[in-house]
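1. Everything below, folded, please.
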Amino acid sequence: MKIQILFILALATALQTACKKEKAGEPDSQVNPGPVNDPLLFGQTWQKSTSPGVATVWSGKNRDTTIVGYKHSGLIVTGFYERAVISPNGIAKGIDFYGNEVANGNNSRLCQFLQVSTPFATTTGRELNPSYIEWSQGSTTYNDNTYIIALGTYKGQRASSYYYKVSGTDGKPTFHPLAQTPNGNGYAWYCGTEKGLLVSNSLSPDTKKTFLSIYRETQWLQDYKLEAPGYIYIDVENVFAKDAEHLIVIVDAKKEGTPITGLFYFTINLIDHTIKRYQADLPEVNYHINEGAYAKNTVYLPYYENSSNKCAYVTVRLDDKLDKLITEKVDLPVKAGINYGSATLVATKGNAVYTAGEQSGKACYWRNDKLIEIENKDANASVITKIAVFD
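-> This is a model prediction of the structure:
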């Protein structure tokens, strides 16, 4: 059965470390990054430009496009989560996949793909009408638990928001409601904290400002106005929880009358509702920022320039004593003769930075500043949507 991948970790002496895996993107403090481990990469592969994407896992030189090992119809793999597994050799990391099972073309269930496809709703004791439709908007991790953000609805009704919290210890899910958004489109950003899940979405009433609505579980906290004088098209790209009461919001925008991109770092205090804005020191060009990571007061962001093959990752760190934003851009090597590429996702482990992206439509990744190609044989295109790195 290919539905689970086990990563055997060290026995006894490593037990405490194995059970306290760092949050995604949290580097440790050691100077020497130690042995290089191949990351586990999840994404999609297209054999033809007109064919549907196939869920794909890459590890080292290997590529697997048959993640679900049993016969099925209508299963769409959208992600995975980690859980601890006790094995005769010690502690293992179990990787279980999840996604949607579509039945009769008119309803769907979010499912764990275990020995059989198992709906989260069934496991958590939810009784759903056969016509109910639910799907995932994304996921986040906190304290080894995975939060799968979902929308669900009956045809013709406004969708409800909720999440399934999957235990990092035994892989068992629990159901949790979220505040229903006014238009039923759910949430775009999610952060786990010791005081519950923070979720948010944004609305731009005009080109010069954006309102970020923040909720803690089912409780609305505040709508925060984000603006940058001289810039328009205020776009929220990342939201990180520094702690349960302080958020970091990464925004890009366009300098008025130009194609030049500006990158802004906002801090939001959820207690007194104060907002502070800082601008990153980056080239005045047309660039893109995508899904990043936050670790120890540093934000890591993938960066690529429009209509070119200039890729990088950017770090931004707020020096609280100087009240100044420190920006560093690390240029990444690209393949010769390729006119277009992008960097779209960042994760960290130890002192290593993993940046996922593509070169001319074929997925690749960088470890620090080294380009690493992965198996793309017979693929018309491919993309990486999640990175996991293990000890």
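
2. Give the buried residues for stretch 257-264.
-> Ile260, Thr261, Gly262, Leu263, Phe264 (16 or more other Cβ atoms under 10 Å). From N, CA and C alone the C-beta is placed, and that goes for glycine too.

3. and which of those is nearest Ile95?
-> Of all the buried residues of stretch 257-264, Ile95 sits closest to Leu263, with 33.6 Å by Cβ to Cβ.

4. Dump the buried residues of stretch 257-264 to JSON lines, plus secondary structure and pLDDT.
-> Shown next, in JSON lines, are these (DSSP: H, G, I helix; E, B strand; the rest coil; pLDDT from 0 to 100):
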{"residue": "Ile260", "secondary structure": "coil", "pLDDT": "97"}
{"residue": "Thr261", "secondary structure": "strand", "pLDDT": "98"}
{"residue": "Gly262", "secondary structure": "strand", "pLDDT": "98"}
{"residue": "Leu263", "secondary structure": "strand", "pLDDT": "98"}
{"residue": "Phe264", "secondary structure": "strand", "pLDDT": "98"}
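
5. tell me the two of the residues you listed that are most distant?
-> Top of the distance list for these (Cβ to Cβ): Ile260 and Phe264, 13.2 Å.

6. mind checking which helix or strand of the protein has the lowest mean pLDDT?
-> Within the chain, judged by mean pLDDT, DSSP states H and E, the helix or strand with the poorest mean is helix 15-19; its value is a mean of 27.

7. Could you list the low-pLDDT ranges of the chain?
-> 1-36, 50, 71-73, 104-105, 391 (pLDDT under 70).

8. Would you map out the domains in it?
-> Domain segmentation of the chain under automatic domain parsing yields 4-187+280-388, 205-279.

9. Out of those domains, flag the one nearest Gly196.
-> Checked against Cβ to Cβ, the stretch from the domains of the chain lying closest is domain 205-279, at 4.6 Å.

10. Could you point out which of the domains of the chain sits nearest Lys195?
-> Closest of the domains of the chain to Lys195 is domain 205-279, at 4.1 Å (criterion: Cβ to Cβ).

11. returning to what we had before: same list, the buried residues of stretch 257-264, but as CSV with distance to Ala347 please.
-> Below are those laid out as CSV (distance: Cβ to Cβ, whole Å):
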residue, distance to Ala347
Ile260, 29
Thr261, 23
Gly262, 25
Leu263, 20
Phe264, 23
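
12. what helix or strand does Val299 sit in?
-> With secondary structure defined by DSSP states H and E, Val299 is part of strand 298-305.

13. tell me what that strand is packed against?
-> Applying 3 or more Cβ pairs under 8 Å, 6 or more residues apart in numbering; DSSP states H and E, one finds that strand 298-305 makes contact with strand 231-243, strand 246-255, strand 287-289, strand 293-295, strand 311-319, strand 341-349, strand 352-359.

14. What are the contacting residues of the fifth one?
-> Contacts of strand 311-319 with the rest of the structure, by Cβ atoms under 8 Å, 6 or more residues apart in numbering, involve 248, 250, 263, 265, 267, 278, 280, 282, 289, 297-304, 324-332, 334, 341-343, 346, 353, 355, 357, 366.

15. Would you list the buried entries among these?
-> Buried among the contacts of strand 311-319 by 16+ other Cβ under 10 Å: 248, 250, 263, 265, 267, 278, 280, 282, 289, 298-304, 325, 327, 329-330, 332, 334, 341-343, 346, 353, 355, 357, 366.

16. So which residues of the protein form helices?
-> 15-19, 120-123 (DSSP state H).

17. buried ones in the shortest one?
-> For helix 120-123, the neighbour count (16+ other Cβ under 10 Å) marks Phe120, Ala121, Thr123 as buried.

18. which non-adjacent residue is nearest Val334?
-> Asn309 (4.8 Å; Cβ to Cβ, 6 or more residues apart in numbering).

19. ok now do the one you found, which residues does it touch?
-> With Cβ under 8 Å, 6+ apart, Asn309 has these contacts: Val334, Lys335, Ile338, Asn339, Tyr340, Gly341, Gln359.

20. what separates Asn107 from Ser117, distance-wise?
-> As judged by Cβ to Cβ, to the nearest Å, Asn107 and Ser117 stand 14 Å apart.

21. swap that for Glu194, sorry
-> 33 Å.

22. Same question for Asn351.
-> 39 Å.

23. again, but for Gly79
-> For Gly79 relative to Ser117 (Cβ to Cβ), the value is 15 Å.

24. and if you look at Gly60?
-> Where Ser117 is concerned, Gly60 sits at a distance of 28 Å (Cβ to Cβ).

25. more crowded one of those two?
-> Ser117 (19 against 13; other Cβ atoms under 10 Å).

26. what bridges to that one?
-> Phe113 (DSSP bridges).

27. Ok, Ile232 next?
-> In beta-bridge terms (that is, DSSP bridges), Ile232 pairs with Lys254.

28. can you pull the contacts of it?
-> Contacts of Ile232 by Cβ under 8 Å, 6+ apart are Thr207, Lys208, Ala253, Lys254, Glu256.

29. same question, Val330
-> Contact analysis of Val330 by Cβ under 8 Å, 6+ apart lists Ala312, Tyr313, Val314, Thr315, Val353, Asn368, Asp369.

30. Quickly note the distance from it to Pro119.
-> In terms of Cβ to Cβ, Val330 sits 43 Å off from Pro119.
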